[in-house]
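K.L.:
Here is the input, now give the coordinates:
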Amino acid sequence: MIVTNLNTPYYAVIFTTLLTKNLADYEKTTERMEELAKLQEGYLGIESARSSIGITVSYWNDLASITKWKNNIEHTEARIIGRNKWYQQYQLRICKVERDYGFEK
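P.N.:
Predicted coordinates:
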């Protein structure tokens, strides 16, 4: 689903990944992280596509909300497991969105 109800400006956290072959509990953890992110103050939405390269974009009101999410204990534990087990490589980018537009049939 594409998130469409956002009012600019807002922030996007873009998380791009290459996975290892050791994916035990990966899907369960990603689902839990999405559920937990939705409970965080400042959370606006999420979009994700996973194939040979995984891309997840989460949307936030402000940088303080992103920092609180980063420092969430359960999220921190998942990041540690990810580095040790699931991710061959990842890149995280934080962007301020000042304009957006879309199309829907």
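K.L.:
Strands of the chain, residue ranges please.
P.N.:
Taking DSSP state E as the test, the strands found in the chain are 10-19, 43-50, 54-60, 87-97.
K.L.:
between these, which gets the lowest average pLDDT?
P.N.:
Ranked on mean pLDDT, the bottom entry among the strands of the chain is strand 43-50, at a mean of 92.
K.L.:
what helices or strands is that one leaning on?
P.N.:
Contacts defined by 3 or more C-beta pairs under 8 Å, 6 or more residues apart in numbering; DSSP states H and E place strand 43-50 against helix 26-38, strand 54-60. No exception for glycine: its C-beta is placed from N, CA and C like everyone else's.
K.L.:
what's the spacing between the residue lying closest to residue 1 once chain neighbours are set aside and residue 71?
P.N.:
Leaving aside its sequence neighbours, residue 1 sits nearest to residue 47 (C-beta to C-beta, 6 or more residues apart in numbering; 7.3 Å). Distance of residue 47 to residue 71, given as C-beta to C-beta, to the nearest Å: 23 Å.
K.L.:
Quick check on these two: which one has the bigger neighbour count.
P.N.:
A count of neighbours by other C-beta atoms under 10 Å puts residue 47 above the other of residue 47 and residue 71, at 14 against 9.
K.L.:
Can you tell me how far residue 15 is from residue 54?
P.N.:
To residue 54, residue 15 is 8 Å away according to C-beta to C-beta.
K.L.:
wait, I meant residue 79
P.N.:
Distance, residue 79 to residue 54, by C-beta to C-beta: 15 Å.
K.L.:
do the same with residue 34
P.N.:
13 Å.
K.L.:
Now do the shared contacts for those two.
P.N.:
Counting by C-beta atoms under 8 Å, 6 or more residues apart in numbering, the residues touching both residue 34 and residue 54 are residue 48.
K.L.:
between these two, which one's more packed in?
P.N.:
Higher neighbour count among residue 34 and residue 54: residue 54, with 18 against 13, using other C-beta under 10 Å.
K.L.:
so that one touches residue 48, yeah?
P.N.:
Yes. At 7.4 Å, residue 54 counts as touching residue 48 under the criterion of C-beta atoms under 8 Å.
K.L.:
Need the winner for burial among the helices and strands packed on strand 43-50.
P.N.:
Among these, strand 54-60 has the highest mean neighbour count (mean count of other C-beta atoms under 10 Å), at a mean of 19.
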